[in-house]
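Peer 1: Below is the sequence, then the predicted model.
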Amino acid sequence: MTGPVQVPVQVPGDVPVEAPVDGPVDVRVDVRVEVRGAAPRWTAVCRLDDLAPERGAAALVDGEQVALFRLVDDTVLAVEQRDPFSGAHVVSRGIVGTRGDTPTVASPMYKQVWDLRTGRCLDAVGREPQDLRTWPVQTDGDVVLVGGPGAVPGPAEGAAP
Amino acid sequence: MHPDVETAPPAGPLDAAPRRLVVVGGGMVAQRLVEAVRDRDVDDRWQVTVLAEEPRAPYDRVALTSYFSGRDPEDLALGDPGLWDDPAVRLVRGARVVDVDRAARTVRVADGRTWAYDELVLATGSSAAMPPIEGNDLPGVFVYRTIDDVAALRGWVEQQAARGRPVRGAVIGGGLLGLEAAGALRALGATCTVIQVGTHLMSAQVDLGGGEALRRLINRLGVAVRTGTVTERMRVDRRGTVGRLDFADGGRLDVDVVVVATGVRPRDELARAAGLEIGARGGVVVDEACRTADPHVWAAGEVACIDGACLGLVAPGYAMAEVVVDRLLGGSAVFPGADTATKLKLSGVDVASFGDAFARTPGALELVHSDPVAGVYTKLVLSDDARTLLGGVLVGDASAYASLRPMVGRQLAGDPSALLLPGKDPASGGDLPDDATVCSCNNVTAGTVRGAVTDHACTDLGAVKACTRAGTSCGSCLPLVKKLLGAELTRAGITVSHALCEHFAMSRRQLFDAVRVTGLRTFSEIVQRHGHGRGCDICKPVVASILSSLDDGHVLDGERAALQDTNDHVMANLQKDGSYSVVPRIPGGEITPEGLLVIGQVAKDYGLYTKITGGQRIDMFGARIDQLPGIWKRLVDAGFESGHAYGKSLRTVKSCVGSTWCRYGVQDSVGLAVALELRYRGLRSPHKFKLGVSGCARECAEARAKDVGVIATDNGWNLYVGGNGGFTPRHAQLLAEDLDTDTLVRTIDRFLMYYIRTADRLQRTAPWMEEVDGGLAGVRAVVLDDALGIAADLDASMARHVDAYADEWKATLEDPEKLRRFASFVNAPTTPDPSLAYVAERGQARPATATERAELERSTAGGPVVVAGTTLAVRS
């Protein structure tokens, strides 16, 4: 699939993401985004402001644990929350940084470093390198959306000029 | 070439059964001999049996006096204790050899057991000489040679002290050992007078001028000195113990304890009985190979009479041990001659003597610098052309010892008189010849140290020590080793990068100073000004720690939160499965029954595994990130606060129960421990640090294993610094004695702040003290004498920390913004991590192993077991 995907955001239930909310937005109740005419879908997980700059946060997306990272330029990237070296779900709690121009996260467990954009292991700290799965992420206004299998990032409807 | 010749088994002793080497004596030389055999006998040709008279493995007799500050004989352990577990080595303790049968090649022990030998080494050492003075067998008269001697002396002084008045001590003998014994008596709280027959102290090593300077230094320690005094008799008092010394000049001295340290006598009685040749002043006569007239009997150490003399120092003994081993393995080593250099090991009195200290070489010139006001006496002995260093005496300031000693017999570069100036450490190390010995304890040459850099890629002191063993025994050569390392790195064109990481080209210390001066307070500003990029897991926590040390804001304030490691970020300790452990502060290990109940109830309600830590508090494991605020709410409400078990900061102040309860305690150790823990709680530092306070010299709090250790004395507190357990255990070194509580606290304040400002990232206090300018003496100068003029600044920093301290957990619970980070999932903040699974073990929970996890998943038919609070899913 090529070209921009139109992503109308529909938030069912009584948790409108546009409304100001105190504390974290709890959107645990099947907050889904319908993608017109395609199987891949985008899941709204939180608002940008729920993510601290240069710090990770975990999210549940279709029963899978995803680690979200908001960079200093407000780009949001998503990788696997499970640290393959320890088996613990902790990657979102690592320290965010850079190697050259590459945004990175270091495992809080045994300090392996990954490229946040590709999930590639950049420093295996003496072990066999193991990469992280990645998810596409886009923001629609203030809403952060994580793409399911096959989802391709593109401007969301609300963000179009 | 003939294949059959190639494959033929080697002829000779190699295919024979191991030969039996028996060593009589279990001292330092025996230890070195066995080490050398095991190092070099790669074909296991020798089976070694060591027959030791003392009931313990060889120990560091040279450091015997340090046994007064610790109490544990283990403190004096030598080398790798695994040596004695080697199957090729057998150590028989408490085995006094009474007979050597050279014809049968056997030795017999007092209890009748007999050992056969192929080769025999006599390493029986010396015994303390007891001069024939009337009354020398009275209770209260001691010699100073073994751990048992020292333990008995200490017991006696403590018993006398219990009578409630100052204990009056005397030491007969003003040599090296006598002065150490005098220091030991002072350390035990006794007064002390040193009685010396000769004209001055340490007359075997130091000339008259040096002896006079030394007397003034000794007097400053509160030790009186009587020279030119012969003791005629020791008089008994009414209690039947020693009570008075009568001198030949008619003088008298009332005493409660006497230590006789007039010299040693070689333990050559076995050799005499076996008919071996004995030297004119005792000792088994050996040749340059350390062999006696019997080709199967060798002697090494103080018992050996080599070149007509016995040598009462450990370095020549080690050299003899190496020679014997080389010969046993077929080599042709000869004894290289004695290095009689000595350094007095007495706190506050710096004395060293080396080479031809008495200018006995014909035509030798003496260059003397004497400053009675400063208490410094320096003498260099030079060849008649004033170009070659022959020896010297250093009193009051022996810092040049490490650099000068290896220069003996070598030409000096430049004007020798420049070397005399106090504080001038002459050798840069660069011009030292490769064959000059740098570390005499382990016989490491300058060339070997240089080779560590060029051939083994060592770039720091720790690597050089591990590679060469230089500086791993007494450590007095470390300044020189460090200089050699620096010079060699420069020569090899290796720039040692002190850069923290790719984002900062500076060391932690440089960055600390830069941030302090520029006043920048956010990471973005700091990395923009002093570095580049967006940081990493190395530099971000360093910046967070520096900022915390400088202005004591909350660790989670603003942008600073993103700099923290997960432990600091959620103020708990990450465990292997992604859960955390929780440690409330229990200052000094003192806790009320109510406090125990609260911790117990919280742990029970949340299903946490509990364990007592080594730091005298309670750790609760298995808390999920989303449970931390709830757990802490209850702890804070009950009056607990963060224990900072997660931080690079003060952990605990361990204490014994002290004088409030203990029969032996002399000070309130718990009270002091609580005060210190409350003072330094939350103080961020380059590495975690620990304190300990013991209420008496029994040292039950193991304070000397801490970064800062405090041990009560009758007069106040002794302060030790630079100890740690862990991967490289270190004993703390004495920084100051008999401090009152205010001075003690001020000194610790400065020590910690100086460390925090200047140490490298993740550098504990012990390696920091090796690296910092001047080592222990340098630290002492800064924190006690304000040599850098920064004491007021250090004091102010600590005052700011103490004033600004607030409990991080309490502040977090009051701030909804800070609480957001404890959500398990940003889109499901209270849904537990579904991957966590636990099983029961010994009545508590522990993380399930991979196998158990798979089993649990099967048995619950879908989805892993989720643990939530008291509904802990456990496998029976």
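Peer 2: Cool, got the structure.

Peer 1: what about residue 129, neighbour count?
Peer 2: The chain I'm using is chain A. Using other CB atoms under 10 Å in any protein chain shown, A:Pro129 has 14 other residues around it. Any C-beta I mention is one placed from the backbone N, CA and C, and that applies to glycine too.

Peer 1: ah, I was thinking of chain B
Peer 2: The local packing of B:Ala129 (other CB under 10 Å) involves 15 other residues.

Peer 1: next one: B:Gly630
Peer 2: For B:Gly630, the count of nearby residues is 17 (other CB under 10 Å).

Peer 1: Grab the nearest non-local neighbour of it.
Peer 2: Distances taken as CB to CB, 6 or more residues apart in numbering or on different chains place B:Tyr606 nearest to B:Gly630, at 7.8 Å, with adjacent residues excluded.

Peer 1: my guess is that neighbour meets B:Lys633, correct?
Peer 2: No: taking contacts as CB atoms under 8 Å, B:Tyr606 lies outside contact range of B:Lys633: 11.7 Å.

Peer 1: Looking at these two, which has the bigger crowd around it?
Peer 2: More neighbours surround B:Tyr606 than the other of B:Tyr606 and B:Lys633, with 22 against 14 (other CB under 10 Å).

Peer 1: check contacts around whatever residue of the stretch 601-750 of chain B ends up closest to chain A.
Peer 2: Chain A sits closest to B:Ile625 of the stretch 601-750 of chain B, with a gap of 7.9 Å, by CB to the nearest CB. Listed by CB atoms under 8 Å, 6 or more residues apart in numbering or on different chains, the contact set of B:Ile625 reads A:93, B:570, B:579-580, B:822-824, B:833.

Peer 1: want to throw the residues you listed into CSV with secondary structure?
Peer 2: Listed next are the contacts of B:Ile625 as CSV, based on DSSP: H, G, I helix; E, B strand; the rest coil:
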residue, secondary structure
A:Arg93, helix
B:Val570, helix
B:Ser579, coil
B:Tyr580, strand
B:Phe822, helix
B:Ala823, coil
B:Ser824, coil
B:Asp833, coil
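
Peer 1: now, the most widely separated pair of the residues you listed?
Peer 2: For the contacts of B:Ile625, the maximum inter-member distance is 15.3 Å, found between B:Ser579 and B:Ala823 (CB to CB).

Peer 1: Between the two, which is the more surrounded one?
Peer 2: B:Ser579 (26 against 22).

Peer 1: So the more buried one sits against B:Phe621, correct?
Peer 2: Yes: shown here, B:Ser579 and B:Phe621 form a contact pair, counting by CB under 8 Å, at 7.2 Å.

Peer 1: Tell me where the model's unsure across chain A.
Peer 2: Chain A contains residues with pLDDT under 70 at A:1-40, A:149-161.

Peer 1: can you map out the strands along it?
Peer 2: Ranges of strands within chain A are A:42-47, A:55-61, A:64-70, A:76-80, A:95-99, A:102-106, A:113-115, A:121-123, A:134-135, A:137-140, A:143-147, based on DSSP state E.

Peer 1: Tabulate those in a markdown table, adding columns for distance to chain B and mean neighbour count.
Peer 2: Below are those laid out as a markdown table (distance: least, CB to the nearest CB, whole Å; neighbours: other CB atoms under 10 Å in any protein chain shown):
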| stretch | distance to chain B | mean neighbour count |
| --- | --- | --- |
| strand A:42-47 | 5 | 25 |
| strand A:55-61 | 4 | 24 |
| strand A:64-70 | 7 | 23 |
| strand A:76-80 | 11 | 23 |
| strand A:95-99 | 3 | 23 |
| strand A:102-106 | 4 | 22 |
| strand A:113-115 | 8 | 24 |
| strand A:121-123 | 10 | 17 |
| strand A:134-135 | 13 | 20 |
| strand A:137-140 | 13 | 20 |
| strand A:143-147 | 9 | 25 |
